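Chemist: The following block contains a protein sequence and its predicted model.
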Amino acid sequence: MKAAPFDYVIATTVAEASAALSEPERSASLIAGGQSLLPLLNLRVAQPDLLIDISRIPELKDTRKASDAIHVGALTTHADVEDGRIDDPFGGFLRHVASGISYRAIRNYGTIGGSVALADPAADWPVCLIALGAKVNLGSATGVRALPIGEFIEGQYATALGRDEIILGFDIPCPAGRLRFGLHKVARKGGAFADSLAMAVEHADDTIAVALGGAVARPFLLTALAERVREGEAEEDGLRLAIAQDLKRGAPQADPYLVRLHTATALRALARMRGR
C-alpha cells in the first residue's frame, strides 16, 4: 500500500511547526527521521492531512553537557549516540542502548525524539530514559514545559504531548560517580521490537533503578525490586517476589508466560549490572 494523499510543509522554527500543528481544520503529523512514521503512512494506519517536516529546525539538534545534566536534542539520531558524537557520562550506557536498536540503516535516520513521541512500550529509549530519571522538554509557540519521561508516556502510543507541542529534547541527570548498568532484551528476531526489555542502573551512592518495557501497557520502574536490591537481597526467590509485586502494579494483564518472561529479563539485566 501507499500513503493516503497529504500536504507537506517544511518548518524551520519551533513556532512555525507549532502553528501548523494547531490548524483546526487539518490533522497533522510531524516527521524527522521518519523510521516510525513512514511505515504507518504506507499502511494507512496514520492518515494525516498535513505532514510537517521538522528535520531542519536547529534548536532540535542542540546537544550539550552542563554541570549536572546532559541535554540531548530531539533530532539526535541513534547513530549519533552509537558513534560517540554526543557526550555519554553514563559509562557507555547510552552507546550500548543505541547500538542495539534495530539495524544500522534505521539508526542512521531514526531519532530519539521520534522514538519517545511514538511511545511504543517496546522501544529502547523510553525504557533507558526512565531508568536514568530523564525529563522531556516540550515546546510550542507559547512556551516550554518539562515533564518526567514516566509522566509524559501515558500508555501505548499515548503521550501528554499537546496538539501544538513538539519534543525539543531531553535532560538526563549526570551521575555523581561511576554508574553501573545492565540491559537484557528478548525479541523474536534480531532488530525487532522487544517482547521484554529491562534496563538496570546503579549509581555511586547505591541508588538503583530498574525499568521494564516490551509487552506492557507502558514502560515503568520496578520499584519493589530496586528496594530489595538496595536492602542487600541476594537470594533469587526474594527478587522474584519483588518483581511479582511490580508486575501486579505495572502489568496487571500479563499472563503467566509474560510474567515468567519479564521476570527472567529483569533478573538478567540486574545480573549484568552487578557484573560490571
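Modeler: Nice, thanks for sending it over. Numbers count the residues shown, from 1 in each chain.

Chemist: what sits against I31?
Modeler: I31 sits next to L37, L38, L51, I52, D53, I54, S55 when contact means C-beta atoms under 8 Å, 6 or more residues apart in numbering. All C-beta spots, glycine's among them, are computed from the backbone N, C-alpha and C.

Chemist: Which among those residues count as buried?
Modeler: Taking 16 or more other C-beta atoms under 10 Å as the criterion, what is buried in the contacts of I31 is L37, L51, I52, D53, I54, S55.

Chemist: Tell me the spacing between the first one and R44.
Modeler: It refers to L37. 12 Å (C-beta to C-beta, to the nearest Å).

Chemist: Can you flag which of the contacts of I31 belong to helices?
Modeler: L37, L38 (DSSP state H).

Chemist: quick one: which of the contacts of I31 is nearest to L21?
Modeler: I52 (6.6 Å; C-beta to C-beta).

Chemist: all strands of the stretch 51-200 of the chain, in order?
Modeler: 64-65, 69-73, 135-140, 143-148, 153-155, 158-159, 166-173, 180-187, 194-202 (DSSP state E, counting those that start in this stretch).

Chemist: buried set for stretch 108-119?
Modeler: Y109, G110, T111, I112, G113, G114, S115, V116, A117, L118, A119.

Chemist: same question but for stretch 118-130, I mixed them up
Modeler: So stretch 118-130, judged by 16+ other C-beta under 10 Å, has buried residues 118-130.

Chemist: cool, and stretch 232-245?
Modeler: For stretch 232-245, by 16+ other C-beta under 10 Å, it's L239, R240, A242, I243, Q245.

Chemist: Give the phi and psi angles for the second one, as a check.
Modeler: Here the main-chain torsion angles of R240 (degrees, to the nearest 10) amount to phi -60, psi -40.

Chemist: Quick check, pLDDT for the nearest residue to it once chain neighbours are set aside.
Modeler: Excluding its sequence neighbours, the residue lying closest to R240 (C-beta to C-beta, 6 or more residues apart in numbering) is T263, at 5.9 Å. pLDDT recorded at T263 is 98.

Chemist: Show residues contacting the host helix or strand of T263.
Modeler: Element membership of T263, judged by DSSP states H and E, is helix 256-274. Helix 256-274 is contacted by residues 180-186, 195-202, 210, 212, 214-216, 222, 225, 229, 236, 239-240, 243-244, 247, 251, 254 when judged by C-beta under 8 Å, 6+ apart.

Chemist: swap the cut-off to 7 Å and go again
Modeler: Outside helix 256-274, the residues that touch it by C-beta atoms under 7 Å, 6 or more residues apart in numbering are 180-184, 186, 195-202, 210, 212, 215, 222, 225, 229, 236, 239-240, 243, 247, 251, 254.

Chemist: Great, nothing more from me.
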